[in-house]
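Enquirer: predicted model follows, preceded by the sequence.
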Amino acid sequence: MVANIERLERNWAEPGRLVTAIATVDHKKIGVRYLVTASVFFVLAGLEAVALRAQLATPNERLLSPEAYDQLFSMHGITMIFLFVTPMLSGFGNYLVPLQIGSRDMAFPRLNAFGYWVFLASGLFIYSSLVLGRAPDAGWFNYVPLSSGSHGVNIDFYGLGLIFLGISTTAGAINFIVTIFRMRAPGMSLNRIPLFCWAVLATSFSIVFAIPSLSADCLLLELSRKWGYHFFDKATGGDPLLWQHLFWIFGHPDVYIIFLPAVGIVSSIVPVFSQRRMVAYNLVALATMATGFLGFGVWVHHMFAVGLPQVTMTFFAAASMAIAIPSGIQIFAWIATIIGGTPVLRTPFLFIVGFIVVFVIGGLSGVMFAVIPFDQQVTDSYFVVAHFHYVLFGGAVFPILAGIHYWLPKISGRMFSERVGVASFWLVFVGFNLTFFPMHISGLLGMPRRVYTYPDHMGWNVLNLLSTIGGVVLACGILVIIVNILWSTRFGAAAGDDPWNANTLEWSTTSPPPHYNFATIPVVRSADPNWDRRDREEDQRRLERGELVLADGHETVATSEVDAELEHVLRMPGDSPWPLLLAIALTVFFVGLISSSNVTAWIGVAAVVIALGGWHFPWTSDEEVLA
Amino acid sequence: MTVEAAAIPLAGPDAPPGARPNGWWGMVLLIATEATLFALLVATYFYLRFRTQGGWPPDGLADPKIVKPMIATAILVLSSAPLALASRAVWELRPSVARLGLAGGIGLGVAFLIFQYLLVQASLDTFRPGKDAYGSIFYTLIGLHAAHVVVGVLLASWALVRTLRFDRTAVLTVRVTTLYWHFVNVVAVVIFLTLYLAPRG
């Protein structure tokens, strides 16, 4: 046994720091990189929001010019949606999916590294616009003709940046799907997959079919803007609504791309802090997939106010209301699990309770929008701003904060301060509601969204001041969380393997896990494998017997798609510099496009081809030659 | 049960008919997302058509001529046969036959690209992409598809080189290249039907 572990340690050992920094394909390292980078973008978007709230604190404020305001609110939305939430949840997925399914890596480790580098590069690409003072300024959904008619490079950062980022998102999604279908521990049949992985699976399928719509839209926009094509202007046979259709065919599934992994985090935490099995596991898994699927049939509900045929609108209103069924199943399953268990009110669980409260309020205002006359009354007002912050902050940020506190002990091996954690929860919860609840009222009073200031006599002054004060409280809460996390990684108490008595496999290995994740590939017989003490003791005995240790290289198992029967041993690729080089080559291409330098763009294309060649060249192949 | 006994070969006489390595799944999903992209652009074509008042093609432009594009599409569709042969050959561990198939596919693919280039040059004399929405979506579809054929030719060339060292990765490379190639050809047929046949309906 000791000899086996020594061989594992040797085979999975990391080279020097610098090599690891540029070439690692360890899903845990990549996961943490996603989490940290996305958090930085969260802080940036938060600072942008603080600037916006400062400008709106009092009427006729002159802190920001209208142009600066436009850029900041656009960047706030773009950053939160594209550069924070989705990559943040990719970070959780990268770190956790292999651990939860008992694997040693993702199906395509190098593609995984590539996905991160492209995310980072496209994020820097988009943010370079703000440094240049030329940030996108037509809002995060960038409607034409405002966006197609404007000059300057601002909108091109949006169009090209999102195509660039879409490569990363798509690569990540394909990787998750193959990993979850092919790399599960023996015995982890479909009905035993952790609910978080179900959520990642549903999200990934949504990404595979939704991102092309955003990419197509941005492609048509850039062809129009840079090469004089016509898709969106009526005078030359185009149609401005085309942008909206393609955008929301992506955009509504994207709501679930954001929401579903967050739901997966909730479904991970609720049973652990209730100390009982999840109620209606099968139904919740099905509801997760159903939500992802229905998400493709509701996009027109973002367009009720643009003048579409009545039949179309009725169909989409009905489909939108149908979403309430799978969402309801999940909410009631969580509540039933909590009521049927013995809830432990620790920080992660507090954020979950906060999520349920806030999200239900956001859901209620959401159902109101499905009533078309009401939607037409409040569309483009602050009521909408209030609604989607309840849904997105409530539905995604609260679960993300819960997830950070829940998995931090696994990732860093140390515990955060529980007292500070509880305090930070209350700051965030109070700050959030104080910021966004008054916006319901200012919206009903007629305050339009996206105005950079407002006159004195509209009756919106107190509400806006409250929102700004709430924003400051919220920002303080986030700051306390960051301090708590940073403090804990250096000074926190040792967490041990399983501080929460949790049910999934990541808690069966050490904190932080070794490079090879598991000394022997676990064999699973239920949906809560870490609560099956005998199975885990059997893993130990198999380790002593040397079964499924697979210590001859970067090895892990492939299993059948449905029943997870052992099929073969996979030899996984090790560290490689090519993912980074390919990402750099792509960056050159996009820089060429944005600067209208054909030479640079073609150099980028050539570099991409060379990098792909280097990636796939069998430099040190030890595969046997077949013929 | 030992692990070694459970290992399934992914190529050769002992491989089960359905053995699908991770790379195969990855390519299927890439095709799924690409197919969605083309489906949306074809939908855009019809959306623009049905939102346009008056004739289609607009401004009294004649319907696109059908014979030459049909021949070009037929050449490309034909190229699926040698690729299918190559895919079968690697499965049976016959690299030289596979190379022949790949070379045939590459030849037909390049022939298609040259033919398509000449056709586009000729039609640019009649209407340009910047003229109206019809021209824009017409050349967008043709151009994006041609770019995919270029990628297919590059992939097949790489697969050809890769068979010189004939291991499992080489087998997989040829198999997924074939899969991608078939997909690009199905798209070619859809685009032909959309751009050339549909306006006559």
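Expert: Great, that's in hand. Numbers count the residues shown, from 1 in each chain, chains lettered A, B, ... in the order given.
Enquirer: around chain B, pick out the residues from the stretch 151-300 of chain A.
Expert: Counting by Cβ under 8 Å from any Cβ of the partner chain, the residues of the stretch 151-300 of chain A close to chain B are A:170, A:173-175, A:177-178, A:181-183, A:208-209, A:211-213, A:215-216, A:219-220, A:223-224, A:227-231, A:236-239, A:242, A:245-246, A:249. Glycine gets a C-beta too; all of them are placed from N, C-alpha and C.
Enquirer: 7 Å instead?
Expert: A:170, A:174, A:177-178, A:181-182, A:208-209, A:211-213, A:215-216, A:223, A:228-231, A:236-239, A:242, A:246 (Cβ under 7 Å from any Cβ of the partner chain).
Enquirer: in helices, which of those appear?
Expert: A:170, A:174, A:177-178, A:181-182, A:208-209, A:211-213, A:215-216, A:223, A:242, A:246 (DSSP state H).
Enquirer: returning to what we had before: buried members of the residues of the stretch 151-300 of chain A next to chain B into ChimeraX, please.
Expert: Buried residues among those (16 or more other Cβ atoms under 10 Å in any protein chain shown), as a ChimeraX selection:
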select /A:170,174,177,178,181,182,208,209,211,212,213,215,216,223,229,230,231,236,237,238,239,242,246
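Enquirer: where does chain A have low pLDDT?
Expert: The model of chain A has pLDDT under 70 over residues A:1.
Enquirer: strands along that one, start to end?
Expert: Here chain A has its strands, by DSSP state E, at A:555-559, A:566-571.
Enquirer: pick the most deeply packed of these.
Expert: Highest mean neighbour count among these (mean count of other Cβ atoms under 10 Å in any protein chain shown): strand A:555-559, with a mean of 23.
Enquirer: that one vs strand A:566-571, what angle?
Expert: For strand A:555-559 against strand A:566-571, the angle by axes from the mean of the first three to the mean of the last three Cα atoms, to 10 degrees is 150 degrees.
Enquirer: and the contacts of strand A:555-559?
Expert: The contact list for strand A:555-559 (Cβ atoms under 7 Å, 6 or more residues apart in numbering or on different chains) reads A:103-105, A:182-184, A:186, A:521, A:550, A:565-572, B:22.
Enquirer: got a list of what the residue nearest the centre of chain A touches?
Expert: Nearest to the mean C-alpha position of chain A, counting by Cα atoms, centre = their mean, stands residue A:86 at 2.3 Å. Residues near residue A:86 by Cβ under 7 Å, 6+ apart: A:169, A:257, A:258.
Enquirer: closest one of those residues to chain B?
Expert: Closest approach to chain B among the contacts of residue A:86 (Cβ to the nearest Cβ): residue A:169, at 10.2 Å.
Enquirer: for residue A:464, grab the count of nearby residues.
Expert: Residues lying near residue A:464 (other Cβ atoms under 10 Å in any protein chain shown) number 23.
Enquirer: same question for the one 10 residues further on.
Expert: For residue A:474, the count of nearby residues is 25 (other Cβ under 10 Å).
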